[in-house]
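*Asks:* This is a predicted model, with the sequence first.
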Amino acid sequence: MNTTPIMDNIEEYSEKNKPGAQLAAIRTQQGYSTEYVAEKLHLRVRVIELLEADEYYKMPEPVFIKGYFRAYAKLLNIHADPLLEMFNNSYKIEQKSEKALWQSRREPNKAEHAIRWVTGIFAIIALSAVTVWWYTNKDNEQLLPSSISRVDASINKSESEIRLTDLSKMRSLLSSHNQIDGGENEGE
């Protein structure tokens, strides 16, 4: 295909039209439909329509729009540089602050402030309750070890008595078991 006449057409349109309108004119001149172009570029028909109508504010970031222009120009066998230059001249990009994504900060709403206050007050009340409980039970700690030692002594006495009786019961069981085993062995 000869691209020279098409390049002449771009230069004709460049003074009075925008890049999207030029792409639309060349597309119709070559007999392509918007559905065909959208299918070949793997885009939605709505994106092609917005691109041809030069409605860039309804489209994604300029870097994507430039990519669409390049792919569209390649499909139509024309150079994309004049189109991109017209786009850069007609579309002014708002300069955003040079903050990284993790540095941007949004303003919290009133509900978030209320939740923070309630959480803070709850934490202070809980800390105060634990402190009061600790101070009131601090005096009881001094009494506790002496009472525990008396209880431990009484438990040890009762355990030793239980163990002695358990041992005597076990001896009687063992002696009766040995007598039964001994009787069976003699009978055989």
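*Replies:* Happy to help now that I have it.
*Asks:* how many other residues sit next to residue 66?
*Replies:* 16 (other CB atoms under 10 Å). C-betas here are computed from N, CA, C, even on glycine.
*Asks:* do you know how far it is from residue 83?
*Replies:* Per CB to CB, to the nearest Å, residue 66 is found 9 Å from residue 83.
*Asks:* Then residue 136?
*Replies:* As judged by CB to CB, residue 136 and residue 83 stand 81 Å apart.
*Asks:* Which residue of these two possesses the greater neighbour count?
*Replies:* Neighbour count, other CB under 10 Å: between residue 136 and residue 83, residue 83 has more, with 23 against 9.
*Asks:* before we move on, which element is the more buried one in?
*Replies:* helix 81-90 (DSSP states H and E).
*Asks:* got the buried residues for that helix?
*Replies:* For helix 81-90, burial by neighbour count (16 or more other CB atoms under 10 Å) applies to 82, 83, 84, 86, 87.
*Asks:* same thing with stretch 29-39?
*Replies:* Using 16+ other CB under 10 Å as the test for burial, stretch 29-39 gives 34, 37, 38.
*Asks:* wait, doesn't the first one sit right on residue 49?
*Replies:* In this case it means residue 34. Yes. The pair residue 34 and residue 49 qualifies as a contact (CB atoms under 8 Å) at a distance of 6.2 Å.
*Asks:* Under the pLDDT cut-off, which ranges of the protein? List them.
*Replies:* For the chain, the stretches flagged by pLDDT under 70 are 1-17, 92-106, 140-167, 177-188.
*Asks:* for it, what spans make up the helices?
*Replies:* 4-14, 19-30, 34-41, 45-52, 62-75, 81-90, 110-187 (DSSP state H).
*Asks:* so what are the domain limits for the protein?
*Replies:* 4-90, 109-188 (automatic domain parsing).
*Asks:* Surely residue 59 and residue 50 touch.
*Replies:* Yes. The pair residue 59 / residue 50 is scored as a contact, 5.4 Å apart, by CB under 8 Å.
*Asks:* Can you give me the distance of the closest residue to residue 87 other than its chain neighbours to residue 74?
*Replies:* Leaving aside its chain neighbours, residue 87 sits nearest to residue 19 (5.1 Å; criterion: CB to CB, 6 or more residues apart in numbering). Computed as CB to CB, the residue 19 to residue 74 distance reads 14 Å.
*Asks:* between those two, who's got more neighbours?
*Replies:* More crowded of residue 19 and residue 74, by other CB under 10 Å: residue 19, with 29 against 13.
*Asks:* got a list of what that one touches?
*Replies:* Residues in contact with residue 19 (CB atoms under 8 Å, 6 or more residues apart in numbering) are 54, 69, 83, 84, 86, 87, 90.
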